[in-house]
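J.: Kindly return the folded structure for what I paste below:
(one chain, ligands or ions: 1)
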Amino acid sequence: MAIRGILKYPDPFLKKKTKPVEKIDDEIRTLIDDMVETMYSAKGIGLAANQVGVDKSVVVLDVPDGDDRENYEKGKNLVAVINPLIVAQDGEIIYEEGCLSIPDFTADVNRFERIVVSGIDRHGKGMEIKAEGLFAIALQHEIDHLNGILFIDRLSRLKREFIKKKILKSIKDEEKRL
Ligand code: NI
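T.: You can find the predicted model right below:
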């Protein structure tokens, strides 16, 4: 297993829709293992393949049951979904989201409260996930990534322009320091 580099906004690769996986082989399983290790090392609860520069529809998540994002039982809720697709949705929930590709920035995002996702597991078997609350939010966030959508794209135009300016300014300031 290996930790892979995480692409950061405004990398254009993050805006590209990923390709569906057609063959579940060892390459995909290695990708999944690497994504899990990368997610844990970055202290994330979800990661999409295009965030590590791979044009494939794969997401991994490990969403804690409680609010403690630091000390939770890692692996308990670990799930990897290939070619995930939201097949049912209902309710509404607002949550302050962040993203490993947009470090240090968060914003309130509107999501469905409950969703059903279909997909394929690492052995090529079909799977269906019923999710609610933070797990449903994280799944929608990661599936958005596969479609080239970042959480800031879900904000109202005004808020989106405001936060994009702030992010780009902080990147420039960071570059000046280096
Ligand atoms: Ni993200």
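J.: Stretch 164-173: how far from the chain's middle?
T.: If you compare the mean C-alpha spot of stretch 164-173 with that of the full chain, they lie 22 Å apart, counting by Cα atoms, centre = their mean, to the nearest Å.
J.: repeat for stretch 47-62
T.: From the chain centre to the centre of stretch 47-62 is a distance of 7 Å (Cα atoms, centre = their mean).
J.: start to end distance for that stretch?
T.: Across stretch 47-62, the terminal residues are separated by 9 Å (Cα to Cα, to the nearest Å).
J.: Quick check: mean pLDDT of it?
T.: On average, the pLDDT along stretch 47-62 is 98.
J.: buried residues in it?
T.: 47-52, 54, 56-62 (16 or more other Cβ atoms under 10 Å). Placement of C-beta: from N, CA and C, glycine included.
J.: same thing with stretch 156-167?
T.: For stretch 156-167, a neighbour-count test (16+ other Cβ under 10 Å) marks Arg160, Ile163, Lys164, Ile167 as buried.
J.: Mind pulling the model confidence for the residue most central in space within the chain?
T.: Per Cα atoms, centre = their mean, the C-alpha nearest to the average position across the chain is that of Glu142, at 3.0 Å. Reported pLDDT at Glu142 in the predicted model: 98.
J.: tell me the helices in this protein, going along the chain?
T.: Assignment of helices within the chain using DSSP state H yields the ranges 26-41, 133-146, 157-177.
J.: As JSON lines, the ones you listed with distance to Tyr95 would be great.
T.: Supplementary listing: the helices of the chain in JSON lines, determined by distance: least, Cβ to Cβ, whole Å:
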{"stretch": "helix 26-41", "distance to Tyr95": "18"}
{"stretch": "helix 133-146", "distance to Tyr95": "5"}
{"stretch": "helix 157-177", "distance to Tyr95": "15"}
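J.: same for the lowest-mean-pLDDT helix or strand in the chain, what does it pack against?
T.: With mean pLDDT, DSSP states H and E as the measure, the helix or strand of the chain carrying the lowest mean pLDDT is helix 157-177 (a mean of 95). If you count contacts as 3 or more Cβ pairs under 8 Å, 6 or more residues apart in numbering; DSSP states H and E, helix 157-177 packs onto strand 102-111.
J.: What lies in contact with the strand it packs on?
T.: Applying Cβ atoms under 8 Å, 6 or more residues apart in numbering, the external contacts of strand 102-111 come out as 8-9, 92-99, 136-137, 140-141, 150-152, 154-155, 159, 163, 166-167, 170.
J.: How far off centre is the lengthiest strand in the chain?
T.: Longest strand of the chain, by residue count under DSSP state E: strand 78-90. Shown here is strand 78-90, whose average C-alpha point lies 12 Å from the average C-alpha point of the whole chain (Cα atoms, centre = their mean).
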